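Novice: my questions concern the predicted model and sequence given below.
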Amino acid sequence: MSGHSKFANIAHKKAANDAAKGKAFTRLGKEIMVAVKEGGPDVNNNSKLRQIVAKAKSSNMPNDTIDRAIKKAASSDMSNFESVVYEGYGPNGSAIIVEALTDNRNRAAANIRSAFTKGGGNVGTPGCVSFMFDEKGQIIISKEDCEMGADDLMMIALDAGAEDFNEEEDCYEVLTAPDDFNAVNDALVEAGIELASAEVTKLPQTTVNLTDPDDIKKMKRILDLLDDEDDVQNVYHNWDEE
């Protein structure tokens, strides 16, 4: 059991306003375009694309919007875009990883560095905090939306290749190796399980508690500024937001 509800955080994000949802869909569309560029538009033969599509569906992105993004990607030139990863520190030594997709590396670097600085943090060297995170497939299932018992749900997940199954107060968490994510996700979907969230993500090995109100304010400022940055795709951190 973790100190805070993973499902509550996800539900809060999904309840965001239309502008925020539009931004989330735009970012997912860019991820789809990169996946198609790297492995082609066939979901069955492109594991990265399957991962992104699963993430998009769990984020309530309409199927026709996903299909349009794939078709657009197949006919678009993404050669001027590149993926860049930045690592750094927030208040009290908290660790932050930023994944960006940009057609202007200098702009992205300047804006991301500015976000860290305005929140009292700083960008570090490559690899300075990534060792504190594990890449995992993570699937969250709300108890409210799941009629299946925990034991049966766990067996479906483990039989499909899941590494771990955790029960929390209001949800179940399924963890997989990145390469096994698609198989486990497919097995749960085929069993009729509604997924609150499904993605390959970076999970912190340990979390940091911020008790100083000023530190919390600074951390939120960094995360808000990064969220507003168009070049930023994903942000991972080890702050326990309880």
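Specialist: That came through fine.
Novice: run through this protein and note the low-pLDDT ranges.
Specialist: 1-19, 78, 242 (pLDDT under 70).
Novice: regarding it, what is its longest helix?
Specialist: Longest helix in the chain, counting residues (DSSP state H): helix 18-39.
Novice: who's the residue nearest the centre of the chain bridged to?
Specialist: Residue closest to the average C-alpha location in the chain (CA atoms, centre = their mean): Thr201, at 5.0 Å. Thr201 has the following beta-bridge partners by DSSP bridges: Lys136.
Novice: break this structure down into its domains, please.
Specialist: 6-74, 82-131+205-237, 133-204 (automatic domain parsing).
Novice: do you have the strands of this protein handy? List them.
Specialist: 82-89, 95-102, 122-123, 133-142, 164-167, 171-176, 197-204, 232-237 (DSSP state E).
Novice: for the fifth one, name the packing helices and strands.
Specialist: Packing partners of strand 164-167 (3 or more CB pairs under 8 Å, 6 or more residues apart in numbering; DSSP states H and E): helix 150-159, strand 171-176. All C-beta atoms are positioned from the backbone trio N, CA, C, and that covers glycine.
Novice: skipping its backbone neighbours, what lies nearest Lys220 in space?
Specialist: Nearest non-adjacent residue to Lys220, counting by CB to CB, 6 or more residues apart in numbering: Gly119, 7.9 Å away.
Novice: hmm, that neighbour is touching Pro91, no?
Specialist: Yes: assessed by CB atoms under 8 Å, Gly119 is found in contact with Pro91 at 7.4 Å.
Novice: what touches both of the two?
Specialist: With contacts defined as CB atoms under 8 Å, 6 or more residues apart in numbering, the residues shared by Gly119 and Pro91 are Lys218, Met219.
Novice: tell me, how many residues neighbour Asn92?
Specialist: 17 (other CB atoms under 10 Å).
Novice: nope, Glu99 is what I meant
Specialist: By other CB under 10 Å, neighbour count at Glu99 equals 16.
Novice: which ones are touching the residue nearest to it when sequence neighbours are not counted?
Specialist: In this structure, Glu99 finds its nearest non-sequential neighbour in Asn234, 4.3 Å apart by CB to CB, 6+ apart. Asn234 is in contact with Val98, Glu99, Thr201, counting by CB under 8 Å, 6+ apart.
Novice: what's the neighbour count on Ile66?
Specialist: Neighbour tally, Ile66, other CB under 10 Å: 19.
Novice: now Ile66, nearest residue through space, not along the chain?
Specialist: Closest to Ile66 by CB to CB, 6+ apart is Ala56, at 5.3 Å.
Novice: no wait, Val208
Specialist: Ser94 (4.7 Å).
Novice: from Lys118, how far out is the one you found?
Specialist: Distance, Ser94 to Lys118, using CB to CB, to the nearest Å: 15 Å.
Novice: quick one: which of the two has more around it?
Specialist: Ser94 (23 against 13).
Novice: the more buried one reaches Ile222, doesn't it?
Specialist: No: between Ser94 and Ile222 there is no contact under CB under 8 Å: 9.1 Å.
Novice: common neighbours of those two, please.
Specialist: Gly121.
Novice: coming back round to it: what sits up against the longest helix of the chain?
Specialist: 16, 45-49, 51-53, 55-56, 59-61, 65-66, 69-70, 72-74, 76, 78-79, 81, 83, 101, 233.
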